[in-house]
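S.K.: coords please:
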Amino acid sequence: MGQSTDFFAERLLQVIDEGRRTATYKLALLTALMDGCAAESGPDGRAPETLHTRTVAQHALRLYLPQVRSYLGPGGQDVVELRQITTERSAVLGAVLRLHLLAEQQRASGLPAIARRLPEEYARCLDTVELTFARYPLRLLQVIGGENRPFLYDLDWTESVSLAALHRPTGGLIHLRTGAGEHLLRLAPLLRPLIELHWTRMVARMNQINLEDDRLRHHLFGAERSTFPRALRAGLADLQNNRCFYCDTTLSTRAEIDHVIPWSRWPNDAVENLVLADACNNSKRDYLPALGHVTTWTHRLVAHHHDLLDVASESRWESNPTRTVSLARAAYAHLPPGTPLWNRRDHFTEDDPALIIHRLARYTGLD
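M.R.: Reported below is the predicted structural model:
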């Protein structure tokens, strides 16, 4: 029998608020579990029953990769390599930093490009993240008050587990408890900002950074809107015939790139999740789009699949249509009834999420 949402939320809050944390690993693990459940959701948007340690490692790496960039202090001074653990060295952060520096040398942006151009280094980094997370945060996440209190998942390995054991046919499986994956997806819009707040405070404390402004949090978790390359903007403008994706008016010089599924819900910079929008961008903000926009968007994913790949290739940007659609399904499948969906400025609808999920499955052909 599954746990109630209230019980599950209370246990998660205990984990997030746990005061003896010595690294950001547990917070990264919780976020990676949410992201993994969303990215591997089924056609109905529901969470899987199991996740693999390799999947968790991939999502943890996606989280940490932008965080190892140098952080600039006030006024652009004092370049800082941010510590995220109380011990002298972090195997995970060290491996991610090495991969980041190699990727910079190769001008590879985004994990898919890094995996293609630096396959051995990428696999080596993933090995380090996977083994570290399997031995420590995965085993310790559910320890509250010194006692192991499983409520999220069950494991069948010990601290001495090897990478070879995790990669055996039945190894490395994280068995989600009944309803746990669904609770994670349902609570994700509330949990993510709370986790990011605790994470930011912890990094600030370890690095003696003042939290008077929001620059540290943006460095750790913000969408890199200012770094969208010109080729990406130009490619999207050409694909949209220089018209706003949402209202179809001619784009002005103030047009901005918008995340169709908001970054605040599921961070995803893949080209398939990006559109050019004019004033609609400020109006839509972090709302989920209404049925009409989703229909247009998912049709575009199929009709212009190769065009989007070309835009990504020419601008050295990430392309991941399958993950993009999975995140969209997970977002809509766990909306409370009557959630307002953005249609246009100051106008919202209450479309049936089940109908939107059906449209996603009907138009994408990505299953």
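S.K.: out of all of them, which helix in the protein is the longest?
M.R.: helix 180-207 (DSSP state H).
S.K.: So which bits of the helix or strand following it are buried?
M.R.: Using DSSP states H and E, the helix or strand that follows helix 180-207 in sequence is helix 215-221. Judged by neighbour count using 16 or more other CB atoms under 10 Å, the buried positions of helix 215-221 are 215, 216, 217, 219, 220, 221. Where C-beta positions appear, they are placed from N, C-alpha and C, glycine not excepted.
S.K.: so residue 157 sits right up against residue 168, yeah?
M.R.: No: with contact defined as CB atoms under 8 Å, residue 157 and residue 168 do not form a contacting pair (10.6 Å).
S.K.: Mind listing what's buried along the longest helix of the chain?
M.R.: 180-189, 191-192, 194-196, 198-200, 202-204, 206.
S.K.: So which residue is dead centre in this protein?
M.R.: Nearest to the mean C-alpha position of the chain, by CA atoms, centre = their mean, lies residue 267 at 4.0 Å.
S.K.: which residues sit against stretch 138-149?
M.R.: By CB atoms under 8 Å, 6 or more residues apart in numbering, the residues outside stretch 138-149 that reach it are 11, 14-15, 18, 26, 29-30, 53, 56, 150-153, 155, 158-159, 174.
S.K.: Make a PyMOL selection of the buried ones in those.
M.R.: This is the PyMOL syntax for the buried subset of those, where burial follows 16+ other CB under 10 Å:
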select buried, resi 11+15+18+26+29+30+53+56+151+152+153+155+174
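S.K.: Quick one: mean pLDDT over stretch 243-263.
M.R.: Stretch 243-263 shows a mean pLDDT of 94.
S.K.: now do stretch 318-336
M.R.: 94.
S.K.: for stretch 206-215, same thing?
M.R.: In this model, stretch 206-215 has a mean pLDDT of 81.
S.K.: Use 5 as the first number for this chain going forward.
M.R.: Sure thing, new numbering starts at 5, so read that last one as stretch 210-219.
S.K.: Quick check: residue 220 touching residue 205?
M.R.: No: in this structure, residue 220 is not within contact of residue 205 by CB under 8 Å, at 9.3 Å.
S.K.: need the contact list for residue 85.
M.R.: 72, 74, 75, 101.
S.K.: now do 10 Å
M.R.: Applying CB atoms under 10 Å, 6 or more residues apart in numbering to residue 85 gives the contacts 72, 73, 74, 75, 97, 101, 211.
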